[in-house]
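In: sequence and predicted structure, then a few things I'm wondering about:
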Amino acid sequence: MPRGAKPSLFVSPGDRFGHGVVLLGDEVRITRPGAAVTERGVMVACDCGSTYAASLSSLNRGFVTSCGCGGQDWDEQILRRQIRALARAAGYKVRSLTLVRDDAG
């Protein structure tokens, strides 16, 4: 950004980006490997409980949606893959698979 130019990207505490929520506090400066300049960023709390720094441009463009944990979607993908592998090993083929979370118990 040229000197004297006003920042054009803004987020507010509580804004949600995928599995992350912007935390209260000041902006942070993020340095990318091999880059000579820093970017504006904020601290974000992931649904899994961890916190991470994310650049404002990456958040607004949708490039960052979690700390890397993948959230529940990632867990379901792994579980589906494991069930299909077990079924193949036992000589079965999975035609349809619906996973339902049991919140009652």
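Out: Arrived safely.

In: where does the prediction get shaky in this protein?
Out: When residues are selected by pLDDT under 70, those of the chain lie in 1-7, 70-78, 98-101, 104-105.

In: by contact count, what packs against the lengthiest strand in it?
Out: Ranked by number of residues, the top strand in the chain under DSSP state E is strand 38-46. Under the contact criterion of 3 or more CB pairs under 8 Å, 6 or more residues apart in numbering; DSSP states H and E, strand 38-46 touches strand 20-22, strand 28-31, strand 51-55, helix 56-61. The C-beta positions use only the backbone N, C-alpha and C, and glycine is treated the same way.

In: could you list the domains of the protein?
Out: Domain assignment for the chain by automatic domain parsing gives 1-69, 70-105.

In: and the most centrally placed residue in the chain, its phi and psi?
Out: Centroid check for the chain by CA atoms, centre = their mean gives S66 as the closest residue, at 1.3 Å. S66 adopts backbone torsions of phi -160, psi 180, taken as degrees, to the nearest 10.

In: please name the residues that touch it.
Out: Each residue near S66 by CB atoms under 8 Å, 6 or more residues apart in numbering is listed here: 18-20, 46-48.

In: just checking, K93 touches A87?
Out: Yes: judged on CB atoms under 8 Å, K93 makes contact with A87 at a distance of 6.7 Å.

In: more crowded one of those two?
Out: Remark: of K93 and A87, A87 carries more neighbours, 14 against 7, as counted by other CB atoms under 10 Å.

In: quick one: what helix or strand has that one in it?
Out: helix 71-89 (DSSP states H and E).
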